[in-house]
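A.B. asks: could you look at this predicted model? Sequence included:
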Amino acid sequence: MTRLEFRDVGIDLGPARIVSGVSLRVEPGEVVGLVGPNGSGKSTLLRSAYRVLRPVTGVALIDGESVWALSAREAARRRAIVTQHTVLDAVFSVHEVVAMGRTPRKGLLDRETEHDHEVVGKALDAVHMKWAADRSFATLSGGEQQRVLIARALAQEAGLLILDEPTNHLDVRAQFEVLDLLRHLGLTTLTALHDLDHAVSYCDRVAVMAGGELVAAGVPAEVLTPALVHDVFGVRAVLDTHPITGRPRIAVASAGSWPAPDNAV
Ligand code: ADP
Ligand code: MG
């Protein structure tokens, strides 16, 4: 199975250093949550693993190889991406959207083979969306669309899945469906997450970014201490046990003043 490693990654956007000195490993089969306030550099860091942004220092490695040493096609065979705000034209059916995931494995003009068709069907099955294969993607609910986009990523047959806030804008049940699915897949997974409680209850490890740097990484219930959450997010936090699931959970509350304390670390 696939391993992802960021080694001392620094990224500039224009004149500004947006990400600095990030070293982080995602081990085979692990689900790692990337959390941090808005603008802390999560999406920018992920883009270096997508092979979209080239770091100015360090390197992002997939199975020990720099993503920039791979061609775009090779990179796309090793890692699949689910980004925010995927808008697709109403002309695309769900099947067609998932079939797009086959592109890195085919020639430009190759038609869909029986094998492709089978892989797409299995991917839709895995996210429980086979019933919608012929529907227009644009007519699905947000949660259904997100599951189809995960199916598209699965159709790529990559061992590494990278997601950027995949539960945004979903209702509470759809959020859990996406998170349960990610756990169930068993792929090496790095996902930016907005909700600290999702990070605590679904991730093997959590990585915390602030001001473009990685400030902590480890087992969520050990890393997301009240002090760290206060320092990084400017809110109060308590870790306890979820009364329904029995797993660790985090409760957060306002720091109690306006304006909130300066949360720059
Ligand atoms: P996050 O995903 O954690 O919210 P981002 O990685 O999107 O954070 O953004 C990190 C920082 O980079 C933000 O402060 C943002 O304003 C800045 N930024 C994003 N794009 C550019 C750009 N093209 N030029 C300069 N700064 C940018
Ligand atoms: Mg982001």
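C.D. replies: Cool, the structure landed. Ligands and ions are numbered 1, 2, ... in the order given.

A.B. asks: for the residue in the stretch 51-200 of the chain that ligand 1 sits nearest to, name its beta-bridge partners.
C.D. replies: For the stretch 51-200 of the chain, the residue closest to ligand 1 is residue 192, as judged by Cβ to the nearest ligand atom, at 6.3 Å. All C-beta spots, glycine's among them, are computed from the backbone N, C-alpha and C. The partner list for residue 192 in beta bridges (DSSP bridges) reads residue 34, residue 164.

A.B. asks: look up how far residue 117 lies from the most centrally placed residue in the chain.
C.D. replies: Centroid-nearest residue in the chain: residue 163, 2.0 Å away (criterion: Cα atoms, centre = their mean). In this structure, residue 163 and residue 117 are 26 Å apart, going by Cβ to Cβ, to the nearest Å.

A.B. asks: likewise residue 194?
C.D. replies: Remark: distance between residue 194 and residue 117 (Cβ to Cβ) = 36 Å.

A.B. asks: neighbour-wise, which of those two wins?
C.D. replies: For the pair residue 194 and residue 117, the greater number of neighbours falls to residue 194 (16 against 13), based on other Cβ atoms under 10 Å.

A.B. asks: excluding its backbone neighbours, what's nearest that one?
C.D. replies: residue 165 (5.4 Å; Cβ to Cβ, 6 or more residues apart in numbering).

A.B. asks: contacting residues for that neighbour?
C.D. replies: Taking Cβ atoms under 8 Å, 6 or more residues apart in numbering, we find residue 165 in contact with 84, 191-194.

A.B. asks: what does residue 205 give?
C.D. replies: Listed by Cβ under 8 Å, 6+ apart, the contact partners of residue 205 are 30, 32-33, 217-220, 223.

A.B. asks: would you mind listing what in the stretch 1-150 of the chain touches ligand 1?
C.D. replies: Contact residues (Cβ under 6 Å from any ligand atom) of the stretch 1-150 of the chain with ligand 1: 13-14, 16, 18, 36, 38-44.

A.B. asks: once you drop chain neighbours, what's closest to the residue in the chain that ligand 2 sits nearest to?
C.D. replies: Per Cβ to the ion, the residue of the chain with the smallest distance to ligand 2 is residue 43, at 3.2 Å. The shortest distance from residue 43 to any non-neighbouring residue, by Cβ to Cβ, 6+ apart, is to residue 164 (5.5 Å).

A.B. asks: the chain: strands as residue ranges?
C.D. replies: Along the chain, the stretches classed as strands by DSSP state E are 4-13, 16-26, 31-35, 57-62, 65-66, 79-82, 160-164, 188-192, 205-210, 213-218, 235-241, 248-254.

A.B. asks: is it possible to get CSV of these that adds distance to residue 89?
C.D. replies: Formatted as CSV, the strands of the chain follow (distance: least, Cβ to Cβ, whole Å):
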stretch, distance to residue 89
strand 4-13, 29
strand 16-26, 31
strand 31-35, 30
strand 57-62, 31
strand 65-66, 35
strand 79-82, 18
strand 160-164, 21
strand 188-192, 26
strand 205-210, 34
strand 213-218, 38
strand 235-241, 40
strand 248-254, 39
